[in-house]
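# One predicted model, sequence on top.
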Amino acid sequence: MDRTLKACRTLRATTASVIRSGIHPAVLNPIVCAKIIRQVCYPKALYGCEIWGKLSKTETLMLERTHHYVCKFIQGLPRRTRTDMCLSLIGWLNLDSFINERKLLFFGRICNLPQRAISFRILVRKLFELKYFNQEYTNCASDFSKDCVDILYKYHLSDYLTKFMDSGNFPSQRIWKRIVHRSIFEYELNEWQQRINIDSDFNIFKKIHKVFQPHPAWTVALDFPYLRKQANYIVSLCCLVHNTNSDSILCDKCGKLFTDPCIHAISSCDYLSDIRDEFWCELLCLNPITFSAFLGSLNDEDFCYILLSCETEFELDCEQKKRFQFLCVKYVYRFCKTFSHS
Ligand SMILES: [Zn+2]
């Protein structure tokens, strides 16, 4: 427990000191921020986590809380935002999978050692003991080999273990790294999709953010740093839980009834028709013309969700897509800010 507490404190402290040194989300793009923090603070806080053994539920919770705090902070999102939203918007997996990946890579490194190496021989001996005298070791929580076997089963990698014990063959470190990375990502992605599919808070979010990678608004802000504030705004909008069952509200600017202010501001408020005309002019300049026709054929809700996601299923080439994402980030901010500030 002390070890985990220390890791949490180190993670918070190093992140705070890195941020104080100028790598702040208000100054740098969250993707860059995330990369620096991931490469500097996490290895320091989780040094030696390969041999930590199986973590208790309390320890895992403590670590995950710290991880979520860091994740929300670097994106400038409120602390009460749902974790599954925040993590997927920057493309981070949970901390448990990060630790498991380190453990599996360490396991792979030992399996690739020459046969005379002492750690290789200890591991093989332990694995055989586990295989043939399983009962004796089931309560040993800090046993590295037992922990690794459990993790291998968890991520459906047990075939590699069986093959290793039968023939002594194990993938090289480079290939193993790729296999582990892919398996963990697929497993976590599946879990994430299941979680958001059963929770009604994510009804709208799952229509907006379908892929587990940084939100396109952050990528746009990498190319156009002056749009960082706008990107942050659009990402925060994606995290808002839209209450679709609420009663209609009367707009004091145009006199129409609406249920969702964001959809109303973007699609139907007459007060913002000048901005809307400007936006459509820019969309029409974006070739091919069938794309504008496609956008025009959508209903108000779907149109709004496409703008918030900055993604479209319509086939566009790279430059056109970038231009479309740029327009989304720029105009969603203008629509909503003008609507709420006037
Ligand atoms: Zn209105």
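Noted; the coordinates are in hand.
# Helix or strand next in line after the lowest-mean-pLDDT helix or strand in the chain, which one?
The helix or strand of the chain with the poorest confidence is helix 134-137; it has a mean of 58 (mean pLDDT, DSSP states H and E). As assigned by DSSP states H and E, the chain's next helix or strand after helix 134-137 is helix 144-154.
# How far off centre is that next one?
When C-alpha coordinates are averaged (C-alpha atoms, centre = their mean, to the nearest Å), helix 144-154 and its chain have centres 25 Å apart.
# Quick one: mean pLDDT for it?
Average pLDDT, helix 144-154: 90.
# I'd like to know which elements the very next helix or strand once past that helix is packed against.
The C-terminal neighbour of helix 144-154 among helices and strands, as given by DSSP H and E, is helix 158-167. Counting contacts by 3 or more C-beta pairs under 8 Å, 6 or more residues apart in numbering; DSSP states H and E, helix 158-167 packs against helix 118-132, helix 144-154. C-betas here are computed from N, CA, C, even on glycine.
# Kindly export helix 158-167 (C-alpha atoms) in PDB.
Below are the C-alpha coordinates for helix 158-167, written out as PDB (Å, rounded to 0.1, in the frame of the first residue of the first chain):
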ATOM      1  CA  SER A 158      -1.800 -17.600 -23.300                       C
ATOM      2  CA  ASP A 159      -1.000 -19.400 -26.600                       C
ATOM      3  CA  TYR A 160       2.500 -17.800 -26.500                       C
ATOM      4  CA  LEU A 161       3.000 -19.100 -23.000                       C
ATOM      5  CA  THR A 162       2.000 -22.600 -24.000                       C
ATOM      6  CA  LYS A 163       4.200 -22.500 -27.000                       C
ATOM      7  CA  PHE A 164       7.100 -21.200 -24.900                       C
ATOM      8  CA  MET A 165       6.700 -24.000 -22.400                       C
ATOM      9  CA  ASP A 166       6.400 -26.700 -25.000                       C
ATOM     10  CA  SER A 167       9.100 -25.700 -27.400                       C
END
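# Please identify the helix or strand for the residue lying closest to residue 157 once chain neighbours are set aside.
Excluding the flanking residues, the one nearest residue 157 by C-beta to C-beta, 6 or more residues apart in numbering is residue 183, at 5.7 Å. Residue 183 is located in helix 173-198, with elements delineated by DSSP H and E.
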